[in-house]
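Asks: I need the structure of the sequence given here:
(one chain, ligands or ions: 1)
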Amino acid sequence: MLSRRAALMVGAGLAAAPMLVRTAQAETAPMVADAAPVDLSSLPRIRRELVAPPFVHEHEQVAPGGPRVVEFTMDIHEKEIQVADDAWLQAMTFNGSVPGPMMVVHQGDYVELTLRNPPANMLQHNIDFHASTGALGGGALTLINPGEQTVLRFKATRAGCFTYHCAPGGPMIPWHVTSGMSGTIMVLPREGLKDQHGQPIAYDRVIYIGENDFYIPRDENGAFKRYADASEGYEDTVNVMNKLIPSHVVFNGAVGALTGDNALTAKVGERVLFVHNQANRDTRPHLIGGHGDLVWEAGKFDNVPDVDLETWFIRGGSSGAALYKFLQPGLYAYVNHNLIEAVNLGATAHIKVEGEWNNDLMEQVMAPTPYTGA
Ligand SMILES: [Cu+2]
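Replies: Sure thing, here's the model as predicted:
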């Protein structure tokens, strides 16, 4: 007798889908069993409680000492989310949020993640950390069924913002990623960030944006379809997805997730580090009325940052970072500067900045008045 999940997978022709992961899993298992043990018992351990985006858990920018083992726990939740007034998605999430929570460690630390797939879920999941080395980024060691949990430890050898995402094999990979299963780990250099001259630089806050392209099917009348669970929507969703035309391109899981009453806040003089994750598709952040003072476009902090950028490019499958010190008060829009995606499809965030207006930087010399002509 097949479980409901197995029946759905077979019904959708997916039984053989996770082949790559299964093969890598089978090949990796004996190597893992034979490998020399590593003794990390002398290293201090610290446990970090993850928080939902656009916020980030407490962390030090400069490492307070030598390498540590940094412990995290994430639960995977399959749940329906509202993407727009008229659109719902059977989302798959790390820790219940889209994007998954940001994790912060320092270069040389060990990341120790307990990943749990609660019994109420219907699908297999895993995690591929672009920051890690080997075993499909950990994907071959973390594939878990509903009702299972696993612990993966990897050494964060390279500094930068890195995408993580679910990658359970075959067509499950794009489906899970475009259903919300991606996020960012930020590996800070132990001595903190440096500017283009190699001088230390700090941020006052992090704003963590996860951009998602969603592919929600429509019915014969053009209305978005709503499904009882993820598997029920699978076939329709793949048909939309394979045409590569997203129904929504949004920040943090929904149109309006970071605008209006949900707008972010900052103060004139504050340095904000914008971390932008896109696990599937290229994008091009732009802060309207501001700049990227220092931009690690590819997200990797051992590269010299670009300065004074107007728009920067985030490659699909990566996380980038941009530092900006706000100089004027007012309402700013942080957008994907494909403006169709920003305005019509949803990829906009707002930041309300408090402070004193600086007429030297900009002044309205004459307010709009009736045209007097030549
Ligand atoms: Cu998954």
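Asks: what about the residue in the stretch 251-374 of the chain that the ion sits nearest to, neighbour count?
Replies: Using Cβ to the ion, the closest approach of the stretch 251-374 of the chain to the ion is made by residue 279 at 11.7 Å. C-beta coordinates here come from the backbone N, C-alpha and C atoms, glycine included. Neighbour count for residue 279, taken as other Cβ atoms under 10 Å: 30.
Asks: pLDDT score assigned to it?
Replies: In this model, residue 279 is scored at 98, pLDDT.
Asks: now do the same contact list for it.
Replies: 163, 165, 177, 182, 316, 317 (Cβ atoms under 8 Å, 6 or more residues apart in numbering).
Asks: what do you get if the cut-off is 10 Å, keeping everything else the same?
Replies: Residues near residue 279 by Cβ atoms under 10 Å, 6 or more residues apart in numbering: 99-100, 128, 130, 163-167, 174, 176-178, 180-184, 210-213, 316-319.
Asks: can you check residue 80 too?
Replies: Counting by Cβ under 10 Å, 6+ apart, residue 80 has contacts 88, 89, 90, 91, 226, 227, 228, 229, 230.
Asks: one more pass at 7 Å, please.
Replies: Contact analysis of residue 80 by Cβ atoms under 7 Å, 6 or more residues apart in numbering lists 88, 89, 90, 91.
Asks: distance of the closest residue to the residue of the stretch 251-374 of the chain closest to the ion other than its chain neighbours relative to the ion?
Replies: Nearest non-adjacent residue to residue 279, counting by Cβ to Cβ, 6 or more residues apart in numbering: residue 182, 3.4 Å away. Applying Cβ to the ion, to the nearest Å, the value for residue 182 to the ion is 10 Å.
Asks: quick one, grab the pLDDT at residue 182.
Replies: So, for residue 182, pLDDT stands at 98.
Asks: kindly report the same for residue 20.
Replies: 77.
Asks: and the pLDDT at the closest residue in space to residue 67 that isn't next to it in sequence?
Replies: Distances taken as Cβ to Cβ, 6+ apart put residue 108 closest to residue 67, at 4.4 Å, once the chain neighbours are dropped. Looking at residue 108, its pLDDT is 98.
Asks: go on, residue 374?
Replies: Residue 374 is given a pLDDT of 73.
Asks: re earlier: pull the number of nearby residues for the residue nearest to residue 279.
Replies: Neighbour count of residue 182, defined by other Cβ under 10 Å: 29.
Asks: output the host helix or strand of residue 265 as CSV, nothing but the C-alphas.
Replies: Using DSSP states H and E, residue 265 falls within strand 264-267. Taking C-alpha atoms only, strand 264-267 is exported to CSV below (Å, rounded to 0.1, in the frame of the first residue of the first chain):
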residue,chain,number,x,y,z
LEU,A,264,11.1,49.0,6.3
THR,A,265,12.6,51.9,8.3
ALA,A,266,16.0,53.6,8.6
LYS,A,267,17.5,56.9,9.8
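Asks: other SSEs contacting that strand?
Replies: Secondary-structure packing of strand 264-267 (3 or more Cβ pairs under 7 Å, 6 or more residues apart in numbering; DSSP states H and E): strand 348-354.
Asks: so the nearest residue to residue 282 once chain neighbours are set aside: helix, strand or coil?
Replies: The shortest distance from residue 282 to any non-neighbouring residue, by Cβ to Cβ, 6+ apart, is to residue 316 (4.9 Å). Following DSSP: H, G, I helix; E, B strand; the rest coil, residue 316 is assigned to coil.
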